[in-house]
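Q: Just a sequence and a predicted model for now, questions to come.
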Amino acid sequence: MAHSYADVAARSAFGSTVIGLDMMVRKRRSAASARSVLVAFFLAAACEAAVDESEEANPTPEEFFEIRNDLGCELALECDQLPDDVPCSFGSGLSECSDFDPSAAAECVQAMEDALEAAQEDVNACGNDPLPEVCASVITWSESSECGTTAGRPLFIDGAQLLPPVVRACPPGVSPRALAAEHWLQCARMESASVPAFTRLAAELATVGAPGSMQLAAQDAAEDEIRHTRLCLDVARQLTRTEFDVGPLPDVLARPEITVETLATEALIEGCIGEGSAAAWASIARNHAGPEVAPTLADIAADELRHAALSWRVLGWALRRQPELSATLLAALEDWERADAADPVVRGRDGLAEHGVLSTAAERATARELVSVVVRPTLEALCRRSERTRARARA
């Protein structure tokens, strides 16, 4: 079984790599490169087991344990078998396997994938033990689990992005601190608009029959964005000693015509790319920021990483439910790449790194690298997996 770096990275459990990202940033606080942060993000954000494996080859023991653990994690999450915020590692280690059988291991992986698909399609498919019995012929299963410009999701109404106004008591000056404050105020507007965007997403996920765990994650993300709004306003206030707030937004209702295709496309562009970029930007900016804003950036980066991971979950679920979406999603990514290539890079926000603000050129370069290093290979791997599922269904 041959795996590319993208395939191996896409299999990593989200929770444990968030911890790894934080440790990496701490160790390399003064010199973490954009690529090192993006690689760590790659490992964390692509939750699905996007593995390009041949139909004939059987997994090695190392590959089997890695795939089995990730599939077991997904099954447990779908069936509410895990405590909150516990990274998944189901007794990994070759010492558990006294007599490894490659063909039985391949059968186990397939059975777990089938059980996961059943659990995602039918909430009643989850029993007390969702793991297939075939795994017992390979390894002794353990019932316990153990730890082995920041912007939120945009709010679009009828194709137009909606942001709340900023309410300012008096205008700031034109100092670097004031320019940085203007940036943080814009972030506050976008974070505030993300609150109804995630609330709407939760309702629309329910409409199309997505797993309840995804709906709850979207609701949790809305709560995160309320906190992010206050954090961004606090930074602007610290920089200018001026009181700020954001004005109200109109009520946002779920779209009655919402489809799985629309949610998947939005997950790709607004979540995997948009919130993924936000997580990377905040992680990189943290390394250059002063002590008054670095903790805020660290907080926001961790949350945006989870929000991006939710988008990958939505994307993977949509592809399992409708494998024919592969062409639509790949076309949407190509449209994004063409639009990005045609859009000139405008210089701006230079010299504000101390205040947690990346230059526009740095943000642009980071987003492009994210798409190249993370989004495209992971999406392609998920689509390949989806096509294999579709081919098996036709057979």
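A: It's in.
Q: Who are the packing partners of the helix or strand hosting Val314?
A: Val314 is part of helix 294-321, with elements assigned from DSSP states H and E. Packed against helix 294-321 by the contact rule (3 or more Cβ pairs under 8 Å, 6 or more residues apart in numbering; DSSP states H and E) you find helix 14-27, helix 34-45, helix 102-121, helix 212-240, helix 260-266, helix 276-286, helix 325-342, helix 376-394. Placement of C-beta: from N, CA and C, glycine included.
Q: remind me, longest helix of the chain?
A: helix 176-207 (DSSP state H).
Q: Next, the buried residues of that one.
A: Across helix 176-207, burial judged by 16 or more other Cβ atoms under 10 Å covers 176-177, 179-205, 207.
Q: other SSEs contacting it?
A: strand 166-168, helix 212-240, strand 244-246, helix 260-266.
Q: how does the chain divide into domains?
A: Domain ranges of the chain: 5-137, 156-394, per automatic domain parsing.
Q: For burial, what's the neighbour tally of the nearest residue to Val293 once chain neighbours are set aside?
A: The shortest distance from Val293 to any residue other than its chain neighbours is 3.8 Å, reached at Gly356 (Cβ to Cβ, 6 or more residues apart in numbering). Applying other Cβ atoms under 10 Å, we find 28 residues neighbouring Gly356.
Q: distance of Gly356 from Ala301?
A: Gly356 is 11 Å from Ala301, where distance means Cβ to Cβ, to the nearest Å.
Q: Then Leu216?
A: Separation of Leu216 from Ala301 (Cβ to Cβ): 22 Å.
Q: ok, these two, which is more surrounded?
A: When neighbours are counted by other Cβ under 10 Å, Leu216 and Ala301 differ, and Ala301 comes out ahead with 25 against 14.
Q: Wait, that one touches Ala279, no?
A: Yes: assessed by Cβ atoms under 8 Å, Ala301 is found in contact with Ala279 at 5.3 Å.
Q: Mean pLDDT lowest where, among the domains of the chain?
A: For those, the bottom mean pLDDT is recorded on domain 5-137, which sits at a mean of 54.
Q: can you pull the contacts of the closest residue to Arg255 other than its chain neighbours?
A: The shortest distance from Arg255 to any non-neighbouring residue, by Cβ to Cβ, 6+ apart, is to Glu204 (6.5 Å). The contact partners of Glu204, by Cβ atoms under 8 Å, 6 or more residues apart in numbering, come to 254-255, 258, 263.
Q: Who wins on neighbours among these?
A: Leu263 (24 neighbours).
Q: thinking again about what came up before, common neighbours of Gly356 and Ala301, please.
A: Arg286.
Q: ok, back up a step: what would the helices and strands packed on helix 176-207 look like in CSV with distance to Ser283?
A: Listed next are these as CSV, based on distance: least, Cβ to Cβ, whole Å:
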stretch, distance to Ser283
strand 166-168, 26
helix 212-240, 15
strand 244-246, 25
helix 260-266, 23
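Q: Go through these and name the closest to Ala160.
A: Relative to Ala160, the nearest member of the helices and strands packed on helix 176-207 by Cβ to Cβ is helix 260-266, separated by 14.7 Å.
Q: contacting residues around the closest one?
A: If you take Cβ under 8 Å, 6+ apart as the criterion, helix 260-266 is touched by 201, 204-205, 208, 210, 255, 314-315, 318-319, 321-322, 325, 328-329, 332.
Q: Tell me the buried residues in that helix?
A: Per 16+ other Cβ under 10 Å, helix 260-266 contains these buried residues: 260-261, 263-266.
Q: quick one: the residue nearest to Val293 and Pro295 touch, right?
A: No: when contacts are counted by Cβ under 8 Å, Gly356 is not listed as touching Pro295 (10.1 Å).
Q: Tell me the spatial nearest neighbour of Ala393, not counting adjacent residues.
A: The spatially closest residue to Ala393, leaving aside those adjacent along the chain, is Pro323, at 7.8 Å (Cβ to Cβ, 6+ apart).
Q: An error on my part: the question was meant for Ala367.
A: The shortest distance from Ala367 to any residue that is not its chain neighbour, by Cβ to Cβ, 6+ apart, is 4.3 Å, and that residue is Ser277.
Q: And Gly276, by the same measure?
A: What sits nearest to Gly276 in space, not counting adjacent residues and going by Cβ to Cβ, 6+ apart, is Ala308, at 4.3 Å.
Q: re the thing from before, how far away is the residue nearest to Arg255 from Leu333?
A: Distance of Glu204 to Leu333, given as Cβ to Cβ: 22 Å.
Q: about what we covered before: tell me the contacts of the residue nearest to Val293?
A: Applying Cβ under 8 Å, 6+ apart, we find Gly356 in contact with 180, 184, 235, 285-286, 288-290, 293-294, 296-297.
Q: Looking at the contacts of helix 260-266, spot the one nearest Leu71.
A: Lowest distance from Leu71 to those (Cβ to Cβ) belongs to Leu319, with 15.8 Å.
Q: For that closest one, give me its contacts.
A: By Cβ under 8 Å, 6+ apart, the contact set of Leu319 is 264, 325-326, 329, 382-383, 385-386.
Q: In contact with Pro291, which residues?
A: Counting by Cβ under 8 Å, 6+ apart, Pro291 has no contacts.
Q: what do you get for Asp340?
A: Remark: with contacts taken as Cβ under 8 Å, 6+ apart, Asp340 is in contact with 367-368, 371.
Q: thinking again about what came up before, burial count for the residue nearest to Gly276?
A: One way to gauge burial is a neighbour count; for Ala308, by other Cβ under 10 Å, it gives 32.
Q: Not counting residues beside it along the chain, what's closest to Thr259?
A: Nearest residue to Thr259 in three dimensions, chain neighbours excluded: Val208, at 7.0 Å (Cβ to Cβ, 6+ apart).
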